[in-house]
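Trainee: take this sequence and fold it.
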Amino acid sequence: MKLKLLNTCFDAKIQISSSKSESNRALMINAYAGNILHITNLSDADDTVLLSKLLSEIHLSENSGQEVIIDCHNAGTVYRFLLTYLANKPGKWVLTGSERMKQRPVNDLVATLIELGADIRYIENSGFPPLLVTGKILSGGSTAVSIEKSSQFASSLIMAAPVWTNGIQLELTGNPSSMPYLDMTLNMMKLCGADVVRRDELVIVSPVPYTQAELSISADWSGAAFWFEMVALSVDGRLYLEGVSLKSDQGDRVLVDFFKKLGVDCKENPGGLLIWKLGDMTDEIQFNLRDFPDLLPALAVTCAGLGVKAFFSGLENLVIKESNRTKAIQQELFKVGVRCDMPSIGELIIHSSTIKYSESDSCIVFESYDDHRMAMALAPLVLRLGKLQINRSEAVSKSYPGFWSELLKTNAVSID
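Mentor: Modelled structure (predicted):
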């Protein structure tokens, strides 16, 4: 896909996709609750569509007596959530995914499930998908799980706990990451009648079944990050983000504070969030993203585009995302003359430099690595480059299928 700059000043209304994170949790809670929830505004993201489809397939394949293949492609959340679900679902299940998924570790969750009585075996490489899961009714109990690689391991376990006869007393071990996502899971469970308590590194879920409830999925703050980036890189940008609320439980709403340092301010109005270019920004910034790793692509590219020196920490888990995002950012920004260093694991330094508008026929070609967040983060650089190309741009459908059509609404770019 080729982008060409039309205007560096714009004023538009943007529709933000519903939260994939909330949607996937809602689908899993509903599955454990026996499909008694009323869910509205469900995300149309590929991952959510896939999870819904696989849950239906699992339901139809129960007690078939045959080995059933469940392919999660490269959807890490789907894989982790379904692993606990299938461990508790009688039958033989082969839980697999793409080649990239087979490089994403699941050993911490597998070890905890086995301790709880699950029957799970590695088919190829120990610690990684695919898995053979012989499902059976689990009863829960006291255990621990490391959330150093992903808080989704804990979320996967606690969403199942209300249907277990002993519930769960779960100790969270390892250097914690993405804790706001775990708290999102707890809050959604409570809305559906679960008896849940978190005391620092201990989560207690009583064996109290889910009850009927209504869940309305809110706009995705992770997706909003790329519009903050558009405004930051503009000369005079102004966008109204429909459905986005500062009262959201999503941890990524912290991006408001991050982007204020990069010259973007905002105001919540009924029905959405107005964001605009302030112009004032810091020359050198530090970001700790241990709890907000999905924000790295948008923040890193924004800093590069503005010529701001930035130091990022808390990035250890990005090597096991849809792509190795830290390395991917380093490689793509090098194409526009921005030097990035990785002084140690989990750290990235973006050095100050100037990205210049090109009036020549040359066009920088960026790789998305089939990673939705990389594709969306690189797109706003057209405001500095004048034109660019993004390969495998369709990757955005993983979380934000309407991104490109929304980008056209700004009248800032044309798309070929």
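
Trainee: and Ser206, how many neighbours?
Mentor: 14 (other CB atoms under 10 Å). All C-beta spots, glycine's among them, are computed from the backbone N, C-alpha and C.

Trainee: for it, list the residues it contacts.
Mentor: Going by CB atoms under 8 Å, 6 or more residues apart in numbering, Ser206 touches 162, 167, 194-196.

Trainee: from these, which land in strands?
Mentor: Using DSSP state E, the subset of the contacts of Ser206 located in strands is Val196.

Trainee: grab the longest helix from the protein for me.
Mentor: helix 46-61 (DSSP state H).

Trainee: pLDDT on that helix, on average?
Mentor: Helix 46-61 shows a mean pLDDT of 96.

Trainee: next one: Ala225 from Asp294, what distance?
Mentor: 8 Å (CB to CB, to the nearest Å).

Trainee: which one's more surrounded, these two?
Mentor: Between Ala225 and Asp294, counting by other CB under 10 Å, Ala225 is the more crowded of the two (25 against 22).

Trainee: just confirm the more buried one is within a helix.
Mentor: Yes: Ala225 forms part of a helix when assessed by DSSP: H, G, I helix; E, B strand; the rest coil.

Trainee: make sure it is actually in contact with Asp252.
Mentor: Yes: counting by CB atoms under 8 Å, Ala225 does reach Asp252; the two are 6.9 Å apart.

Trainee: average model confidence for stretch 388-401?
Mentor: Stretch 388-401 carries an average pLDDT of 96.

Trainee: list the buried residues in that stretch.
Mentor: Buried residues in stretch 388-401, defined by neighbour count with 16 or more other CB atoms under 10 Å: 388-390, 392-401.

Trainee: and this structure, split by domain according to the record?
Mentor: 2-16+219-415, 20-216 (automatic domain parsing).

Trainee: what separation is there between the most centrally placed residue in the chain and Met189?
Mentor: The residue lying closest to the centre of the chain (CA atoms, centre = their mean) is Asp294, at 5.8 Å. To Met189, Asp294 is 22 Å away according to CB to CB.

Trainee: next one: Ser216
Mentor: 16 Å.

Trainee: please apply the same query to Ile158.
Mentor: 7 Å.

Trainee: hey, what's in contact with both of these two?
Mentor: Shared contacts of Ile158 and Met189, counting by CB under 8 Å, 6+ apart, come down to 196, 205.

Trainee: list the contacts of Gly279.
Mentor: So Gly279 contacts Gly263 (CB under 8 Å, 6+ apart).

Trainee: secondary structure of it: a strand, I assume?
Mentor: No: Gly279: not assigned to a strand; according to three-state DSSP it is coil.

Trainee: need phi/psi at it.
Mentor: phi 100, psi -30 (degrees, to the nearest 10).

Trainee: for it, give its distance to Leu5.
Mentor: Taken as CB to CB, the span from Gly279 to Leu5 is 20 Å.

Trainee: repeat for Met188
Mentor: Met188 is 41 Å from Leu5, by CB to CB.

Trainee: which regions of the protein sit below the pLDDT cut-off?
Mentor: Low-confidence segments of the chain, defined by pLDDT under 70, span residues 356-361.

Trainee: do you have the helices of it handy? List them.
Mentor: Using DSSP H, helices in the chain cover 20-33, 46-61, 76-87, 107-115, 152-160, 179-191, 221-233, 255-260, 296-306, 325-334, 372-378, 382-385, 403-409.

Trainee: of those, give the one that comes closest to Pro207.
Mentor: Comparison of the helices of the chain against Pro207 by CB to CB identifies helix 152-160 as nearest, at 11.1 Å.

Trainee: just the CA atoms of the closest one, as PDB, please.
Mentor: C-alpha atoms of helix 152-160 as PDB (Å, rounded to 0.1, in the frame of the first residue of the first chain):
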ATOM      1  CA  GLN A 152      -2.600 -13.300  29.800                       C
ATOM      2  CA  PHE A 153      -1.500 -16.500  31.500                       C
ATOM      3  CA  ALA A 154      -3.100 -15.300  34.700                       C
ATOM      4  CA  SER A 155      -6.200 -14.000  32.900                       C
ATOM      5  CA  SER A 156      -6.600 -17.300  31.200                       C
ATOM      6  CA  LEU A 157      -6.700 -19.100  34.500                       C
ATOM      7  CA  ILE A 158      -8.800 -16.800  36.600                       C
ATOM      8  CA  MET A 159     -11.600 -16.500  33.900                       C
ATOM      9  CA  ALA A 160     -12.100 -20.300  34.300                       C
END
